[in-house]
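1. sharing a model prediction with you, sequence too.
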Amino acid sequence: MITVVAALSLALAGGPATRDYSCLTNGQWLTGDAEVVWEQRAGDCLPEDLRRLAEGVSTISLTRWSWASYSLTLRRDGSVVYDGFCGAARLGCHRGRLEAWRFDRLARLVTEIGYFGLDGSYESDATDQQIVVMAVSQFGCVKAVMDYGAVGPPRLWALEELVSAALDDVEWMD
């Protein structure tokens, strides 16, 4: 039943209904404006399934609160919105462009590390730690993950760092 629902839902989002999406399980799959919660086990997917899932990623956002704080949103269309505050190298709101291949690689990484299967938050018991919140939109569903104190899994840390590093390749419009 889970495979049928996942395949049908992905078909409605533009994916083929005949493909076997048994690599996906879902805790809750609702239609319309409701939240979709699902776990993705990338290791069980075929390469074409991973590509299809990566193509469904439309935005990747990261907000970092630390000694240099900023918010960054990358979109599939190449647009970038950045807001730097509190010690960031680039202060204020800025817009730019990112090459499509870079977004595609990040979207593929989101899929391959099983981002949608991560917990919603990872929290250190220590105080005064860095907070990083990532949000990814895939097929219209948004998953946010908060990492307080950098205690999340290494794959989350790697994604956070690569998304932040994308700032170096942005062509700023202002």
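-> Arrived safely, thanks for sending.

2. what about T63, distance to S164?
-> Separation of T63 from S164 (C-beta to C-beta, to the nearest Å): 11 Å. For every residue, glycine as well, the C-beta is placed using N, CA and C.

3. mind listing the shared neighbours of the two?
-> Here T63 and S164 have L72 as joint contacts, going by C-beta atoms under 8 Å, 6 or more residues apart in numbering.

4. what sits against the nearest residue to G87 once chain neighbours are set aside?
-> Of all residues not flanking G87 in the chain, A68 sits nearest, at 4.5 Å (C-beta to C-beta, 6 or more residues apart in numbering). By C-beta under 8 Å, 6+ apart, the residues touching A68 are 86-89.

5. now do the same contact list for the residue nearest the centre of the chain.
-> For the chain, V136 is the residue whose C-alpha lies nearest the centre (C-alpha atoms, centre = their mean; 3.0 Å). Shown in contact with V136 (C-beta under 8 Å, 6+ apart): 57, 59-61, 110, 115-116, 142-143.

6. how about whichever strand or helix holds it: buried residues?
-> Using DSSP states H and E, V136 maps to strand 131-138. Using 16 or more other C-beta atoms under 10 Å as the test for burial, strand 131-138 gives 131-134, 136-138.

7. could you do stretch 94-107 as well?
-> 94, 96, 98, 102-103, 106-107.

8. return the member of the contacts of V136 nearest to E171.
-> Among these, I60 lies closest to E171 (C-beta to C-beta), at 17.5 Å.
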